[in-house]
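Chemist: Provide a 3D model corresponding to the input given below.
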Amino acid sequence: MARSMRKFIANAEIAAQAVRGPIRLRTLTTLRWLAVAGQLSAILIVHFALGFPVPLGLCLGVIAASVWLNIFISLRFSPARYLADREATAYIAFDIIQLCALLFLTGGLQNPFCVLILAPVTIAASVLPVRLAILIGSLGFAVISILAGYHLPLPWRAGEAVDFPPVLNIGVWVALSFAVAFFGAYAHRIAAEAAQLKSALAASQLVLAREERLAALGGLAAAAAHELGTPLATIQLTAKEMAAELKGQGLLEEDARLLVSQAQRCREILGRLSDRGEAGDIMMDRIAVDLLLKEAADPFLDARAGPAVIFDVKGGEESASPPVLKRRPEIIYGLRNIIENAVGYARSKVLVSAHWDKEDFIVEILDDGPGFSQDVLSRLGEPYLGARGRATRGATRGATGGGGLGLGFFIAKTLLERTGAAIAFDNRAWDDGKGEPGAWVAVRWPQSAIFTPGE
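Modeler: Residues are numbered from 1 along each chain as shown. Now for the predicted structure:
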């Protein structure tokens, strides 16, 4: 199971990189066409409608460079083509330099449209790896610094000049520099978390699909046994007739009797498969509380290979009878994942308890290990936490195995919440109150969500 979890984690991390990495060529060319339309409209309105003298020829030449590049790219490459990270970086860098040239001709940072430098920086932070996103952010900071000191005068009415105080220019430069850093970091963080969440949810669906396939094998075996029963009976009857006709003919008779015995053996095997399939169909609908906990903890019940797993099943009230639960793969796998984590960090024992009252059914899992560290406790249930982050006397203990506990807990939490459960994480001491607290996980269901009515 641990090997399967590491495989899921690796696949999910690759998926996260794929979601956040490549970008379609059509996306960048469409954004550039929008930028061209906006730049051209602004230049023409300022020059002709407002009457401010603008170096029209140079500005139109800068805009024409973007038009030419878009046309060349559209003719040279398919719009559906995915760009490599370096290619996307080059495209976005061109947009920053083109916008810088246009701002240089129209007043530099005194031009209110200088805030548009944030657009390509934000796009780069959303779709590029950290290293390349930092490169684009550095380029944005560089062009802002150049425009702060070197630019043509801001277009204004003929015969009049506008002179901004130096402190205002410095303030605009500082504000834009901080905005580049903030918007870049913010966009990259949001995009990374969205990609991780998407890939982790995909991993949860893969886990659930696998559990459902395994649960369906019993019914498939019963169906196969039923279908094979008739032709196998025909083979056995024919073999018996052959054995009777070949009586006294030595090896031929032995071969015929061997065929009869093997056909009988096949029928017995198919009969057992059919019985197990019918029993499995019943168990798939409902299961007792103690059997549910034991099935979830089954891979870890060998005390010689690890800590002892202790079960405690009791009702909260005398009038509350032991419940019969709806058996769902999400519950089995989710509890098993939490129990696996407890067994992996327990010193000697893990307590798996279940209790219920007239309203709720609660499963608690408590180990005698060092417990969760405080810096990670509030983030449990998020995907990709990295190291497990459990601590002994304040010292953080790293993860063992592959990938830490983030994705495993996220999958368990997601699957259990799909069944109507609410999950809580904390550190608690054992009933005797001795020693340091261990990791405690509680899963609570309303009775209507998990109990089989009428049982």
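Chemist: May I have the residues that are in contact with residue 86?
Modeler: By C-beta atoms under 8 Å, 6 or more residues apart in numbering, the contact list for residue 86 reads residue 132. Placement of C-beta: from N, CA and C, glycine included.
Chemist: in what helix or strand does it lie?
Modeler: helix 85-105 (DSSP states H and E).
Chemist: what is the mean pLDDT for that helix?
Modeler: Average pLDDT, helix 85-105: 94.
Chemist: Please compute how far that helix lies from its chain's middle.
Modeler: 33 Å (C-alpha atoms, centre = their mean, to the nearest Å).
Chemist: Give the buried residues for that helix.
Modeler: Under the neighbour-count criterion of 16 or more other C-beta atoms under 10 Å, helix 85-105 has 85, 87-89, 91-96, 98-105 buried.
Chemist: ok, then the element right after the lowest-mean-pLDDT helix or strand in the chain?
Modeler: Across the helices and strands of the chain, mean pLDDT, DSSP states H and E gives its lowest value to strand 395-397, namely a mean of 34. Using DSSP H and E, the helix or strand that follows strand 395-397 in sequence is helix 406-418.
Chemist: That next one - contacts with which helices or strands?
Modeler: For helix 406-418, the packing partners by 3 or more C-beta pairs under 8 Å, 6 or more residues apart in numbering; DSSP states H and E come out as helix 2-20, helix 166-245, helix 329-345, strand 422-428.
Chemist: so how many other residues sit close to the nearest residue to residue 179 once chain neighbours are set aside?
Modeler: Leaving out its chain neighbours, the residue that sits closest to residue 179 by C-beta to C-beta, 6 or more residues apart in numbering is residue 118, at 5.6 Å. As a burial measure, residue 118 scores 17 neighbours (other C-beta atoms under 10 Å).
Chemist: Where does residue 118 sit: helix, strand or coil?
Modeler: Residue 118 falls in the helix class when you classify it by DSSP: H, G, I helix; E, B strand; the rest coil.
Chemist: for the record, mean pLDDT for whichever strand or helix holds residue 440?
Modeler: Secondary structure from DSSP H and E places residue 440 in strand 438-446. Strand 438-446 carries an average pLDDT of 91.
Chemist: From the contact counts, what lies against that strand?
Modeler: Contact partners of strand 438-446 among helices and strands, from 3+ C-beta pairs under 8 Å, 6+ apart: helix 329-345, strand 360-367, strand 422-428.
Chemist: in the helix or strand following the second one, what's buried?
Modeler: Pointing back at strand 360-367 there. With elements assigned by DSSP H and E, the helix or strand that comes after strand 360-367 is helix 374-377. Buried residues in helix 374-377, defined by neighbour count with 16+ other C-beta under 10 Å: 376-377.
Chemist: that older thread, can you give me every residue that contacts the residue nearest to residue 179?
Modeler: Residue 118 neighbours (C-beta under 8 Å, 6+ apart): 140, 176, 179-180, 183.
Chemist: same question, residue 26
Modeler: 79-80.
Chemist: how about the strand or helix carrying it: buried residues?
Modeler: Element membership for residue 26, per DSSP H and E: helix 25-44. Residues of helix 25-44 classed as buried by neighbour count (16+ other C-beta under 10 Å): 25, 28-29, 31-32, 35-36, 39-40, 42-43.
Chemist: Make TSV out of those and add pLDDT and distance to residue 240.
Modeler: Formatted as TSV, the buried residues of helix 25-44 follow (pLDDT from 0 to 100; distance: C-beta to C-beta, whole Å):
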residue	pLDDT	distance to residue 240
25	88	73
28	90	77
29	92	78
31	92	80
32	93	83
35	94	86
36	95	88
39	94	92
40	95	93
42	93	96
43	94	98
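Chemist: one step back: tabulate the helices and strands packed on strand 438-446 (TSV), appending mean pLDDT, distance to residue 266 and mean neighbour count.
Modeler: Converted to TSV, the helices and strands packed on strand 438-446 look like this (pLDDT from 0 to 100; distance: least, C-beta to C-beta, whole Å; neighbours: other C-beta atoms under 10 Å):
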stretch	mean pLDDT	distance to residue 266	mean neighbour count
helix 329-345	87	31	23
strand 360-367	91	42	22
strand 422-428	89	48	16
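Chemist: Columns distance to residue 436 on top of those, output as TSV?
Modeler: Formatted as TSV, these follow (distance: least, C-beta to C-beta, whole Å):
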stretch	distance to residue 436
helix 329-345	13
strand 360-367	12
strand 422-428	8
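Chemist: Nearest to residue 251, out of those?
Modeler: helix 329-345 (52.1 Å; C-beta to C-beta).
Chemist: so how far is the closest one off the chain centroid?
Modeler: 18 Å.
Chemist: Using PDB, write out every CA atom in the very next helix or strand once past that helix.
Modeler: Scanning forward in sequence from helix 329-345 by DSSP H and E, the next helix or strand is strand 349-356. What follows is strand 349-356, C-alpha atoms only, in PDB (Å, rounded to 0.1, in the frame of the first residue of the first chain):
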ATOM      1  CA  LYS A 349       0.600   0.700  20.100                       C
ATOM      2  CA  VAL A 350      -2.300   2.300  18.100                       C
ATOM      3  CA  LEU A 351      -5.800   2.500  19.400                       C
ATOM      4  CA  VAL A 352      -8.600   2.300  16.900                       C
ATOM      5  CA  SER A 353     -11.900   3.000  18.700                       C
ATOM      6  CA  ALA A 354     -15.500   3.400  17.600                       C
ATOM      7  CA  HIS A 355     -18.400   4.700  19.700                       C
ATOM      8  CA  TRP A 356     -21.900   6.000  18.800                       C
END
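Chemist: contacting residues for residue 77?
Modeler: residue 25 are the contacts of residue 77 under C-beta under 8 Å, 6+ apart.
Chemist: Just read off the phi/psi values of it.
Modeler: Residue 77 has phi and psi values of phi -130, psi 160 when expressed as degrees, to the nearest 10.
Chemist: Quick check: it vs residue 45, distance?
Modeler: 33 Å (C-beta to C-beta, to the nearest Å).
Chemist: Residue 66 too?
Modeler: Remark: distance between residue 66 and residue 45 (C-beta to C-beta) = 18 Å.
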